[in-house]
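Q: here are the coordinates; sequence isn't available:
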């Protein structure tokens, strides 16, 4: 009697023993491992594409993060420099002075005082 639920596939003996040993070491059922591998094989190309797209997105995020750090440092440094020099009017064209505050530009905020 032929069981239509199961089919056999011939593979290289070395490959069979290599994966069999791997499954034994990891405590995985060999049959389940093979079935999952074959089922997921059809999605391999899509996974590769998604992986590449993810890498591109992460690079773009890193570029934007670096740009934001540089901009924040530049503007913060300009504001601190002008405040320390008492030349608030000199840096009005710098956007950083808008962040200082117009009513009391020398007021410390929160844990800022602990830095000094």
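A: Received, thanks. In this text, all values refer to a predicted model and were calculated from it rather than measured experimentally.
Q: gap between residue 39 and residue 68?
A: According to C-beta to C-beta, to the nearest Å, residue 39 stands 43 Å off from residue 68. Quick note: C-beta positions are derived from backbone N, CA and C, even for glycine.
Q: same check, this time on residue 20
A: 51 Å.
Q: So between those two, which is more surrounded?
A: Neighbours per residue (other C-beta atoms under 10 Å) separate residue 20 from residue 68, with residue 20 holding more: 13 against 10.
Q: what's the nearest residue to the more buried one if we skip its chain neighbours?
A: residue 30 (5.7 Å; C-beta to C-beta, 6 or more residues apart in numbering).
Q: Quick one: list the elements packing against the longest helix seen in the chain.
A: Looking across the chain with DSSP state H, the single longest helix is helix 44-85. Helices and strands touching helix 44-85, by 3 or more C-beta pairs under 8 Å, 6 or more residues apart in numbering; DSSP states H and E, are helix 96-100.
Q: No more questions from me, cheers.
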